[in-house]
Every structure is written in C-alpha cells, then in structure tokens.
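Novice: sequence plus predicted model, see below.
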Amino acid sequence: MYEKDGERYFVVDGHIHFWDGTPANQANRYGEGFLNCFYDYHRNLSPDHAVWDLEHFQRQSEEDLLHDLFEVGYVDKAIFQPTYLTDFFINGFNTTEQDGALAEKHPDRFIVNGSFDPRDGEGGLAELERLAERWSLKGVKLYTAEWKGTSKGWKLSDPWSYRYLEKCQELGIRNIHVHKGPTIYPLNRDAFDVADVDDAASAFPELTFIVEHVGLPRLEDFCWIATQEPNVYGGLAVAMPFIHTRPRYFAQIIGELLYWLDENRITFASDYAIWTPKWLVEAFADFQIPEDMQGEYGALTPDIKRKILGLNLARLYDIDVPPGLGLAVPEQRDTSPVVAADRNEAVLG
Amino acid sequence: MTRTRPRPAVPVSAVWRALGTVRDPELDEPITDLGFVADAGVADDGTATADLRLPTYFCAPNFAFLMVADADDALRALPGVSDVRVRLLDHFASEEINGGVAAGRGFGAAFPDLAEGELAELRLAFRRKAHAACQERVATALLASGADHAELLRLRLGDAAGRVDGGELERLRRRRRDLALPAREEAPLLVDDEGAPLTLEELPARLRFARTTRISIEGNAGWCRGLLRTRYGAAEDARETAG
C-alpha cells in the first residue's frame, strides 16, 4: 500500500520475474544477448539511484526480491509471469516451478502464473493440466517469439493455440498475458503485429487477454484492437519507466490508452527485475498529464490511478482489497461491457 | 623516391551522403541521424564500406535486413564505386543478414524455412504508417492555425506551402513518392493509403488514428536512440570521427 497526499493506493504488480540470468545458466550467445538486452533497458530507463551492476541484475536473491517489492516497493500482491526460454538458458530463465517455490514460502504475497507453448502438442496439454492443478493457475504468460529448435515463434491464432486456450477455459485459467517479441514466424512479417490477439480475443470472449507492454512498439495496433475487443487489456510493463526519462511520452501513452480503451483495462507492472516498483509507484502517484495535453487527454484522478495501480488486476485475479483501499467514488452498478468503440463512435464512424 | 597513394575515386563524404538516404523503415528516419552507421569509408581499391549497428542484439531481423540491403543498394549506385561491403555488427542474425545481402539472394533465401517470401509487404505497411503520420503532422498544424476539416479537404499540396513548415511538407511529398502517390502541387493535401482523396466523414477517424501512429513512431525512435546510447556509449558521432 502506498499513501501520498492523503490518498491511499492498493498496489498489484502485474508482471514480475524471479530469474536466473547468470553466465552459468546462459546456454549460448543468445542467452547472453537476451540478458544484456534487458540490462540495457534497465540502465537506460532507471533513475541513477536505481541502477544496479550487471552481476546483481543477472540474479536476485529471495531477500532482494522480498525487499524490493514488499519492504520498500509498496507492493501488496505480485504476479509471477514465467519466461521459460529453455533454448537460451540451461535451466530456463524463469519457470513456473522456480516462481512457485518462492510463492509457497510466502503464500499471501504472490500469484503464480503458468505458461504453455502450442508447439508442445498433446503432451503440452497434459503438462498445462498438471501445472494448473499444482499451482491453482488463474493466468498464463505467453511469449510468442520464443525459439524452439528451428522454430522462431508462433501465433495466438494457430489451431493448436486454440486447443490450448480451450483447455485454459476448461481449467478456469481466465487471464492470458501475451508478450510479443521480435522473431515470430514468418520472419518476413511484422513480428509485433497483434492481429492474432484480435482473432483469439474474438474467439474466446470469456477469457481476458492482457497484452503486455501495451503492444509496444506497436501502440497504435494494440489500441486499434483493444478499442474493439472488450476483453483485451493493456499491461504497462516497459511503458511505466518512461515516466522518469520521458514524462511527456509517458503522458501520451497513458492518454492514448485512456482514449482508445478506458481506465478499467490498464494495469500496472514493474517488470521486476528490469525495474523496481518503489520509484515507479511513487512517480505514478505524483504523475499528472501535462496541462497543455489535458485538453486532449483529460487529467488523472486518484481513482483512475487506484484502478491502474491495483484495483483492475484485483478484479481480474479475485484479490481481496482491504477496506478503505477501494475507489473513493464507487462505480455505478450498470456495468455493461465497456467498449471504447461505442464511446468513440463519432470518431470511428 | 615517393609513391603517390592512389586517391579514392569516391570521397568518403559521398558514402555518408548515400547512407543518409537510407531510412529505418520502422522509425522513418535516416540511419545516419539515428546513429546506426558505426563507420563508413572507401578502400584503396574503390570498395565502399559501411558498418551498421542497432540498439539491441535482438532488433527485428526483417527491418535489419532492409537497412543493410538498402545501404548496399545506395552504395552500389554511387559512381566510381568498384565494390561494396556492408556489415551489420553485434546482432543475433548478423551472419545470415550480411551473407544474404552480399550474395544478393533476398530475405527468403537468407532465412530458409523461416520466411514466407520477401519484405515488400512489410515495407509497404510501414511506408503507409510513415505517410499517415506525416499527413497528420501537417493537418494538425493547419487545424491549429484555424483551418477546419472541410477546408483541409479542399487544400492541394501546393496550397499548404507557406502555411506549414516547409521541411514538414517536403517530408510529406517524399513519403508520397515512396508510395507512388501523387506528390505534385495540385495533388490533394490529404489522401488515403491508395491516394484517393479523404472524405469529410472519414477524416476525423483517419486523423485520430494517424495521431496514435505518429506518437508510436516518435516514441519508438526516442527509445531506440536511448538504447543505442546505452549500448555503445554516449553521443559518439561516427560521422565526425570518420573524417
């Protein structure tokens, strides 16, 4: 919980990792390149006081993570998003088991998400079932650009992917976190295109698709599908830290999301350990859309911030919000599905 | 006894100028402005050379291939160049891309089994985005100076001269030519992806979405510049050190 200027915020960090990026676990130059790419993200967008050395960035201890998130980071609940990358890292980069072991020691702090890869076929379906039972999964994190032997990625609209999404529905896994990367078959097309998320979201209206990094670097394509599909959300991992280095750009991102989606479908995340939540939460509570942009985007109210920082994810994951940390102005009861396309009818034609 | 060193037939400045015509298709800016050219030169035998570098090890291989191939084309078109060698450095697919471009075999051959064809469609999609973003900048400037939507639709490219920034207008013309769309004075100021004049009905939605596209392109360009600086060190301007 974070309190500032008399406003209290319940904080759910929607995207964290407990990874092993040490050289001993790097399987090849791709693993090294992947970790170093993350480290450049970290160095480039963190304030000076929050920059770590490479060794600390490669792996954090259990104590580090608990300290960074809960002791000083204001996080009430954190959601593990596994990233297997077994072609790059010997024991995987950050698997459900590694996350789960930590979560079991601190049961009130974490939510463990699983993962699937449709290229694993029938065997993978059974494995997903096992994972779901073992960890009571409510969500999965999918990385469509993951390499697997000669394959360089997959699409959410692949027939096998639909079989896995059907399985998710059957198992009560409702939250599908999607992360796009730079190498998706076929390589001649735009790998960041989110059209496959659009197809899957239409085919599975009961599932919620949280597009990580709000579709960056294709914010426009993400906005275009999210405005039409009420079950598509935007996760702010990677977008958040621009609040420090480029606050006007951050304001544009938030403003565009509020315009094309709405305040109910935007979710906070630090992407720990790429960034740490403490400075992100502090900066966001203080943040306001610059005055010269408010004519177009409006202003952020404490309730909008409360939704983004925690209440939206609390709704998706059935997290109990302690009394007094909900909205200051309770929501009207008549909540038909929010589709910004209706609200933006004049613009969309 | 003195031996005269053979003077390169092609000045290095011409190589840089040629590389300056190559744009990152995704960011819509010259690779020289973005800092993507680490080094460029002319060897004694007249071979024009360029080393390219990108903000991350995992930058999308298709856009990387386009930039290397475009740089290769731009240098080959220089009069007096005997041969060309363009290398992409520090990228997970450097080998495939450099080999593929040098052999002139195209993207599909450079990534067998991983591509379903060439990059024309990708390039077209991003030229359209760049064009829409340019058009939005011009339209927004005109709206800010008092024009309304109906007037925007009556304007020809030539009418905007003097009313918006000249560089901006020239940018728009170049994007039109990239797409083989009408770019002369009498062409409509605002057109769709195929060059048809926009209607009053579709204009607000077009402009609004183009605005999001522009914010996205500008934001990505800023992020890529920042990452390149982090990866290779601050503000080392290869153009100045190349002299």
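Specialist: Okay, I see it.
Novice: how about the lengthiest helix in chain B and chain A, any contact?
Specialist: For chain B, the helix with the greatest residue count under DSSP state H is helix B:203-232. Yes - applying Cβ under 8 Å from any Cβ of the partner chain, one finds helix B:203-232 in contact with chain A at B:204-205, B:208-209, B:212-213, B:215-216, B:218-220, B:222-223, B:226-227, B:229-231. For every residue, glycine as well, the C-beta is placed using N, CA and C.
Novice: how about the helices in chain B?
Specialist: B:12-19, B:61-76, B:94-103, B:107-110, B:120-144, B:149-154, B:157-160, B:166-178, B:203-232, B:238-242.
Novice: closest one to residue A:253 among those?
Specialist: With Cβ to Cβ, the closest approach to residue A:253 among those belongs to helix B:203-232: 7.2 Å.
Novice: now do the closest one: which elements does it pack against?
Specialist: Here helix B:203-232 touches helix A:29-45, helix A:219-226, helix A:242-245, helix A:247-260, helix A:345-348, helix B:120-144, helix B:149-154, going by 3 or more Cβ pairs under 8 Å, 6 or more residues apart in numbering or on different chains; DSSP states H and E.
Novice: and those helices, which is most packed in?
Specialist: helix A:219-226 (a mean of 24; mean count of other Cβ atoms under 10 Å in any protein chain shown).
Novice: and residue A:312, what element?
Specialist: Per DSSP states H and E, residue A:312 falls inside helix A:312-316.
Novice: buried set for the helix or strand containing residue A:126?
Specialist: Assigned by DSSP H and E, residue A:126 falls within helix A:121-135. Within helix A:121-135, the residues that qualify as buried are A:124, A:125, A:128, A:131, A:132, A:135, counting by 16 or more other Cβ atoms under 10 Å in any protein chain shown.
Novice: okay, and the beta partners of the nearest residue to the last one once chain neighbours are set aside?
Specialist: In space, residue A:135 comes closest to residue A:112 once its chain neighbours are excluded; the distance is 4.6 Å by Cβ to Cβ, 6 or more residues apart in numbering or on different chains. Here residue A:112 sits in beta bridges with residue A:80, going by DSSP bridges.
Novice: what residues are up against residue A:112?
Specialist: A:80, A:96, A:99, A:100, A:103, A:135, A:136, A:137 (Cβ atoms under 8 Å, 6 or more residues apart in numbering or on different chains).
Novice: confidence score at it?
Specialist: Residue A:112 carries a pLDDT score of 98 in this model.
Novice: how much space between the closest residue to residue B:165 other than its chain neighbours and chain A?
Specialist: Nearest non-adjacent residue to residue B:165, counting by Cβ to Cβ, 6+ apart: residue B:141, 6.9 Å away. To chain A, residue B:141 is 15 Å away according to Cβ to the nearest Cβ, to the nearest Å.
Novice: what is the neighbour count of residue 69?
Specialist: I'll assume chain A. Residue A:69 has 25 neighbouring residues, counting by other Cβ atoms under 10 Å in any protein chain shown.
Novice: wait, chain B
Specialist: Neighbours of residue B:69 (other Cβ under 10 Å): 20.
Novice: the one 4 residues further on too?
Specialist: A count of neighbours around residue B:73, defined by other Cβ under 10 Å, yields 16.
Novice: thinking again about what came up before, as JSON lines, the contacts of residue A:112 with pLDDT and distance to residue A:204 would be great.
Specialist: Listed next are the contacts of residue A:112 as JSON lines, based on pLDDT from 0 to 100; distance: Cβ to Cβ, whole Å:
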{"residue": "A:80", "pLDDT": "98", "distance to residue A:204": "23"}
{"residue": "A:96", "pLDDT": "96", "distance to residue A:204": "22"}
{"residue": "A:99", "pLDDT": "97", "distance to residue A:204": "25"}
{"residue": "A:100", "pLDDT": "96", "distance to residue A:204": "25"}
{"residue": "A:103", "pLDDT": "96", "distance to residue A:204": "26"}
{"residue": "A:135", "pLDDT": "96", "distance to residue A:204": "21"}
{"residue": "A:136", "pLDDT": "96", "distance to residue A:204": "21"}
{"residue": "A:137", "pLDDT": "97", "distance to residue A:204": "16"}
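Novice: which one of the residues you listed has the most neighbours?
Specialist: residue A:80 (27 neighbours).
Novice: that residue touches residue A:18, doesn't it?
Specialist: Yes - the pair residue A:80 / residue A:18 is scored as a contact, 6.7 Å apart, by Cβ atoms under 8 Å.
Novice: give the residues shared as contacts by those two.
Specialist: By Cβ under 8 Å, 6+ apart, the residues touching both residue A:80 and residue A:18 are A:94, A:99, A:102.
Novice: between these, which sits nearest residue A:239?
Specialist: Nearest to residue A:239 among these, with distances taken as Cβ to Cβ, is residue A:94, at 20.4 Å.
Novice: quick check: closest non-adjacent residue to the closest one.
Specialist: Closest to residue A:94 by Cβ to Cβ, 6+ apart is residue A:19, at 4.0 Å.
Novice: what about the one you found, distance to residue A:62?
Specialist: Distance, residue A:19 to residue A:62, by Cβ to Cβ, to the nearest Å: 13 Å.
Novice: now do stretch B:217-236: everything it contacts.
Specialist: Contacts for stretch B:217-236 (Cβ under 8 Å, 6+ apart): A:40-41, A:43-45, A:216-217, A:219, A:242, A:245-246, A:249, A:252-253, B:24, B:26-29, B:34-36, B:38, B:53-56, B:129-130, B:133.
Novice: please repeat the previous calculation with a cut-off of 7 Å.
Specialist: The contact list for stretch B:217-236 (Cβ atoms under 7 Å, 6 or more residues apart in numbering or on different chains) reads A:40, A:43-44, A:217, A:246, A:249, B:26-29, B:34-35, B:53, B:55-56, B:129, B:133.
Novice: same deal with stretch A:90-105?
Specialist: A:17-21, A:25, A:27, A:62, A:80, A:82-86, A:110, A:112, A:114-115, A:131, A:135.
Novice: residue contacts, residue B:110?
Specialist: B:65, B:96, B:97, B:99, B:100.
Novice: tell me which of those residues is nearest to chain A?
Specialist: residue B:65 (8.8 Å; Cβ to the nearest Cβ).
Novice: which residues of the stretch 101-250 of chain A lie near chain B?
Specialist: Counting by Cβ under 7 Å from any Cβ of the partner chain, the residues of the stretch 101-250 of chain A lying close to chain B are A:150, A:152, A:182-183, A:185-191, A:217-220, A:223-224, A:246, A:249.
Novice: which PyMOL command selects the buried ones in the residues you listed?
Specialist: The buried residues among those can be selected in PyMOL (16+ other Cβ under 10 Å) with this line:
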select buried, chain A and resi 152+182+183+185+186+187+188+189+190+191+217+218+219+220+223+224+246+249
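Novice: tally of neighbours for the residue nearest to residue B:189 when sequence neighbours are not counted?
Specialist: Leaving aside its sequence neighbours, residue B:189 sits nearest to residue B:155 (Cβ to Cβ, 6+ apart; 4.2 Å). Counted with other Cβ under 10 Å, residues neighbouring residue B:155 total 17.
Novice: so how far is residue B:142 from residue B:155?
Specialist: Residue B:155 is 7 Å from residue B:142, by Cβ to Cβ.
Novice: and residue A:282, by the same measure?
Specialist: Taking Cβ to Cβ, one finds residue A:282 at 41 Å from residue B:142.
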